[in-house]
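Asker: heads up, no residue letters with this:
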């Protein structure tokens, strides 16, 4: 009961994107534009895939799922940051902070798991084409996405529940523009050893296991490409994987910098961590629709038909 009374009216203060008042308006307009573009771009991807029967394939099913996760992921952090900039407030309630943490972890981890399933899909399509229809049926694809949602929810719940056991120091500023595991542990007044170990092993597994699966898939794909006799055939195979590889490099590069590279408590380190967080939470979801649409003739055609109103609403 004492613990509940202690945290019931507790509020955190967020560092924010900048401490300079003169930069708040410019940052607000910049991040509002980026957020609007992210939501609109990913929503167009989903609508184009849903509306065009030619894109009702496993690859685009996973891409639509990734776009939905990106919308929810960026929506878990950016709107609150925009509201704080507009109201010149840095506060977020205890309940609001842990709720934001839960959804941020769920949708962020979902991005990582979906990139792994997309790599597996490309591996099956290129290395096991005769078994593709059986191995990547709609039922199996749906099961894979559902399994990703289940695992990411369990991981997020584990981290969030462990945060409930911590006591937090009043009047301390979270060194970030949203509630994340590392910054929250920095403002805790109680021992965070258990949280740190769980973050190291469970968080490391969530990042490294999908990355390992992606690397294995693309090593097998690379070996298969070397066996393709024609140059045109090799180019076609590479073009189908190019967009995904760019997104994987962008996503995992920023995630590894944000979570697996230690930082000090100096002001320079805080600024570097903030930049990595912005890249991971804002820039990557913003760029994904452009990467997948600009390098993909089928997506460009579907988007053009969507804008012209020529859609195909047939079933799978």
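Answerer: Sure, I can see it. Computed from a predicted structure; not experimentally measured.
Asker: in stretch 194-214, what's buried?
Answerer: For stretch 194-214, burial by neighbour count (16 or more other C-beta atoms under 10 Å) applies to 195, 199, 203, 206-207, 210-211, 213-214. Glycine gets a C-beta too; all of them are placed from N, C-alpha and C.
Asker: state the pair within those that is farthest apart.
Answerer: The distance between the two most remote of the buried residues of stretch 194-214 (C-beta to C-beta) is 27.6 Å, for 195 and 214.
Asker: skip ahead from the host helix or strand of residue 140 and say which helix or strand is next.
Answerer: Using DSSP states H and E, residue 140 maps to helix 138-164. Helices and strands here follow DSSP H and E; after helix 138-164, the next one along the chain is strand 173-174.
Asker: mind checking how far stretch 146-155 is from the chain centre?
Answerer: Here the centre of stretch 146-155 is set off from its chain's centre by 14 Å, with C-alpha atoms, centre = their mean, to the nearest Å.
Asker: now it: mean pLDDT?
Answerer: For stretch 146-155, mean pLDDT rounds to 96.
Asker: buried residues of it, list them for me.
Answerer: 148-149, 152, 155.
Asker: closest to residue 128 among those?
Answerer: In terms of C-beta to C-beta, no member of the buried residues of stretch 146-155 lies closer to residue 128 than residue 148, at 21.2 Å.
Asker: so residue 244 touches residue 118, yeah?
Answerer: Yes - Residue 244 lies in contact with residue 118 (C-beta atoms under 8 Å); the separation is 5.6 Å.
Asker: the strand or helix carrying residue 235 packs against which elements?
Answerer: For residue 235, the element it lies in under DSSP H and E is helix 231-259. For helix 231-259, the elements it packs on are helix 94-127, helix 204-226, helix 267-278, helix 284-294, judged by 3 or more C-beta pairs under 8 Å, 6 or more residues apart in numbering; DSSP states H and E.
Asker: list the buried residues of stretch 21-33.
Answerer: Buried, per 16+ other C-beta under 10 Å, within stretch 21-33: 24, 27-28, 31.
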